[in-house]
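*Asks:* build me a model:
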Amino acid sequence: MRLYLYAVSLLFLLLAPAHAEQDLQLRSELGVSAPRGFAPVPPPVPMPAVPRLPDPSQEVRDELPPIPTIDLTTPPDDLWQRMRNGFSMPDLDSPLVADRQAWYLNRPELLKRIFERSRRYLHHIVGELEKRGMPTELALLPVVESSFNPLAYSSARALGMWQFIPATGKTYKLQQNAWFDQRRDIVASTDAALDYLQTIYEMHGDWHLALASYNWGENAVARAVAKNQAKGLPTDYRNLKMPVETAYYVPKLQAIKNIVAQPQLFGISLDPIPNKPYFATVERSENMDIALAARLAEIPVEEFIALNPAYSRPVMPSAANSPLVLPAEKVQTFLANLQNHEAQDKPLSAWLTHNLKKGEKLEAVAKRHGISLVRLKQLNGINAKTKVVPGFALLVPGKDAIGHDALAARLPQTPATPPRAVKAKKGKTMKPGGKPKKSAVTVKIRKPVAKPKKR
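*Replies:* Just a heads-up that it's a prediction; the model follows:
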């Protein structure tokens with residue numbers, strides 16, 4: 001019993017100071033003074049402060065450079081960058097890409113001319129691709145097809161910036177006659193080309209095969225795919241047996257894409273292209289002389305033809321149903337001058353139509369209107385294959401025709417005979433793996449009636 005009381009007393013002595021300190025702290029907080037005769041316990045000696053270490057994450061964040069970001073909500077000032085932001089086609093991994101890349105890089109002056117020529121057309125093409133949700137690198141396809149020359153004409157009778165042959169042009173509602181050829185029309189041919197590319201992409205579900213179809217024909221590509229399927233072989237672009245030209249087709253586009261994507265990597269300097277429309281369209285409902293339209297817009301005839309290359313005659317017929325394409329900054333100038341021209345009751349065309357009479361010779365018609373026979377034929381697209389019969393409508397200059405003689409020589413024509421192609425050896429196709437082997441201001445969307453049989 002004594003031992004128990006001793007233990008309790010000892011425990012009380014040990015706990016008493018702590019309780020007293022807590023009591024004093026509580027009294028202090030409540031504003032109650034300590035009882036008389038009770039000595040307050042001195043406050044504990046404060047421990048020295050431990051210095052705070054710097055935040056490691058903050059140190060890393062301060063030392064590393066900021067990560068570059070692309071703001072897709074704000075349009076870039078440079079059209080090249082806008083195009084890069086829309087690159088979405090799978091890259092092609094092939095030795096032929098490096099081959100074509102080297103070919104272009106060894107010709108910097110050629111690249112410079114092509115890109116300079118493209119400045120008129122790229123903004124429109126990129127915008128149309130974005131509207132359709134298509135990869136923007138397709139805007140570079142005219143580099144491969146025509147070097148961005150809307151007057152280009154191939155041995156296969158393919159014409160224009162997008163190189164439509166007559167049959168496919170008709171399928172996609174591109175008008176072709178002696179007065180104009182819409183395969184050269186900037187707006188109409190771009191619309192048709194993107195329609196066609198969408199059609200063949202939906203057919204194959206693969207952009208590389210769609211591009212192969214654009215060059216070789218969708219039925220030819222479908223047959224090559226079917227042959228590989230029957231043999232249990234891969235059916236992608238690299239593993240199909242195809243002509244050499246088609247085997248190099250996608251690598252050419254990939255090479256140009258690589259150069260545009262990282263020009264500094266290849267030592268190429270791309271002049272910025274303003275990310276704004278280069279041209280605008282103006283509707284018209286009457287025949288109008290090309291020379292007059294250029295004069296009203298206050299631009300050189302060469303610039304007018306570069307934007308309106310579809311016309312083969314000095315007069316733009318209203319039947320073409322195509323708007324005028326003018327530099328964007330010249331539209332208001334054109335409209336003001338046109339209003340002034342019409343206010344003076346001046347005609348929009350000084351050219352006449354002469355229907356050939358029975359027994360009448362072209363030489364006599366040319367002499368009567370003060371032009372040479374050569375010029376008369378050139379004005380009317382008459383060549384060795386043209387059937388000139390009574391009733392044939394001839395375009396002849398009136399007394400006020402503007403610069404008819406000089407203009408006729410500059411207007412684009414569709415040659416009667418296509419240029420001779422430089423071809424590879426007969427019977428060559430590209431074997432999978434890359435080695436040759438002998439073997440056998442409003443754009444109207446013109447939807448195709450039926451899928452084309454061949455390009």
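*Asks:* OK, contacts around residue 394?
*Replies:* 353, 354, 355, 356, 362, 365, 376, 380 (Cβ atoms under 8 Å, 6 or more residues apart in numbering). (Each C-beta comes from the backbone N, C-alpha and C, glycine too.)
*Asks:* give me the nearest residue to the first one, chain neighbours excluded.
*Replies:* Take residue 353 and drop its neighbours on the chain: the residue closest to it by Cβ to Cβ, 6 or more residues apart in numbering is residue 393, 5.3 Å away.
*Asks:* next one: phi and psi at the one you found?
*Replies:* Backbone torsions for residue 393, taken as degrees, to the nearest 10, come to phi -80, psi 120.
*Asks:* ok, it touching residue 352?
*Replies:* No - with contact defined as Cβ atoms under 8 Å, residue 393 does not reach residue 352; the gap is 10.4 Å.
*Asks:* okay, the two: which has more neighbours?
*Replies:* residue 352 (14 against 11; other Cβ atoms under 10 Å).
*Asks:* tell me which helix or strand comes right after whatever helix or strand the more buried one lives in.
*Replies:* Secondary structure assignment for residue 352, by DSSP states H and E: strand 351-355. Per DSSP H and E, strand 351-355 leads on to helix 362-368 as the next helix or strand towards the C-terminus.
*Asks:* ok so, going back, got a list of contacts for the strand holding residue 352?
*Replies:* 287, 289, 314-315, 365, 369, 391-398, 401, 404.
*Asks:* those residues: which two are farthest apart?
*Replies:* Greatest spatial distance in the contacts of strand 351-355: 289 and 391, 24.6 Å, computed using Cβ to Cβ.
*Asks:* okay, those two: which has more neighbours?
*Replies:* In this view residue 289 and residue 391 are compared by other Cβ under 10 Å, and residue 289 has more residues nearby, 25 against 9.
*Asks:* who does that one bridge with?
*Replies:* residue 315 (DSSP bridges).
*Asks:* ok, it to residue 312 distance?
*Replies:* Separation of residue 289 from residue 312 (Cβ to Cβ, to the nearest Å): 14 Å.
*Asks:* residue 280 in helix, strand or coil?
*Replies:* Following DSSP: H, G, I helix; E, B strand; the rest coil, residue 280 is assigned to strand.
*Asks:* doesn't residue 324 make contact with it?
*Replies:* No - Residue 280 is beyond contact range of residue 324, at 9.3 Å (criterion: Cβ under 8 Å).
*Asks:* so between those two, which is more surrounded?
*Replies:* residue 324 (23 against 18).
*Asks:* buried stuff in stretch 339-359?
*Replies:* 348, 349, 350, 351, 354, 356 (16 or more other Cβ atoms under 10 Å).
*Asks:* that older thread, of the contacts of strand 351-355, just the buried ones, ChimeraX syntax please.
*Replies:* In ChimeraX syntax, the buried subset of the contacts of strand 351-355 is picked out as below (16+ other Cβ under 10 Å):
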select :287,289,314,315,365,369,392,394,395,396,397,401,404
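*Asks:* from residue 146, how far out is the nearest residue to residue 169 once chain neighbours are set aside?
*Replies:* Nearest non-adjacent residue to residue 169, counting by Cβ to Cβ, 6+ apart: residue 183, 4.7 Å away. Per Cβ to Cβ, residue 183 is found 11 Å from residue 146.
*Asks:* what do the two both touch?
*Replies:* What both residue 183 and residue 146 touch, as defined by Cβ under 8 Å, 6+ apart, is the set 160, 162.
*Asks:* which residues does the most centrally placed residue in the chain contact?
*Replies:* The residue lying closest to the centre of the chain (Cα atoms, centre = their mean) is residue 139, at 2.3 Å. By Cβ under 8 Å, 6+ apart, residue 139 lies in contact with 83, 122, 125, 126, 129.
*Asks:* equivalent analysis for residue 337, please.
*Replies:* 295, 296, 297, 298.
*Asks:* which pLDDT value goes with the third one?
*Replies:* In this prediction, residue 297 carries a pLDDT score of 98.
*Asks:* in contact with residue 115, which residues?
*Replies:* 270, 271.
*Asks:* can you report phi and psi for it?
*Replies:* Here is the backbone geometry of residue 115 (degrees, to the nearest 10): phi -70, psi -30.
*Asks:* state the distance from it to residue 148.
*Replies:* For residue 115, the distance to residue 148 - Cβ to Cβ - is 8 Å.
*Asks:* likewise residue 344?
*Replies:* Relative to residue 148, and taking Cβ to Cβ, residue 344 is found at 39 Å.
*Asks:* tell me, how many residues neighbour residue 149?
*Replies:* 17.
*Asks:* go on, the one 4 residues further on?
*Replies:* Residues lying near residue 153 (other Cβ under 10 Å) number 20.
*Asks:* leaving aside the residues adjacent along the chain, what's closest to residue 323?
*Replies:* Closest to residue 323 by Cβ to Cβ, 6+ apart is residue 281, at 3.9 Å.
*Asks:* so the one you found touches residue 187, yeah?
*Replies:* Yes - the criterion here is Cβ under 8 Å, and residue 281 meets it with residue 187 at 6.8 Å.
*Asks:* so where do the helices sit in the stretch 1-150 of the chain?
*Replies:* Ranges of helices in the stretch 1-150 of the chain, per DSSP state H, counting those that start in this stretch, are 2-30, 56-63, 79-85, 95-105, 108-118, 122-132, 141-146.
*Asks:* please compute how far the last one lies from its chain's middle.
*Replies:* Just to be clear, that refers to helix 141-146. In terms of Cα atoms, centre = their mean, to the nearest Å, the centre of helix 141-146 is found 11 Å from the chain centre.
*Asks:* so which bits of the following helix or strand past it are buried?
*Replies:* As assigned by DSSP H and E, the chain's next helix or strand after helix 141-146 is helix 166-171. Residues of helix 166-171 classed as buried: 168, 169, 171 (neighbour count, 16+ other Cβ under 10 Å).
*Asks:* show me which of these is closest to residue 213.
*Replies:* residue 168 (11.2 Å).
*Asks:* can you pull out the low-pLDDT segments for the stretch 51-200 of the chain?
*Replies:* Residue ranges of the stretch 51-200 of the chain with pLDDT under 70: 51-73.
*Asks:* repeat that with 80
*Replies:* 51-74 (pLDDT under 80).
*Asks:* number of residues surrounding residue 178?
*Replies:* 15.
*Asks:* same question for residue 205.
*Replies:* Residue 205: 8 neighbours (other Cβ under 10 Å).
*Asks:* residue 225 versus that one, what's the distance?
*Replies:* Per Cβ to Cβ, residue 205 is found 11 Å from residue 225.
*Asks:* can you give me the domain boundaries for this protein?
*Replies:* Here the domain parsing of the chain from automatic domain parsing is 79-275, 279-410.
*Asks:* check the closest residue to residue 392 other than its chain neighbours and give its pLDDT.
*Replies:* Residue nearest to residue 392 in three dimensions, not counting chain neighbours: residue 356, with 4.4 Å by Cβ to Cβ, 6+ apart. With respect to pLDDT, residue 356 scores 93.
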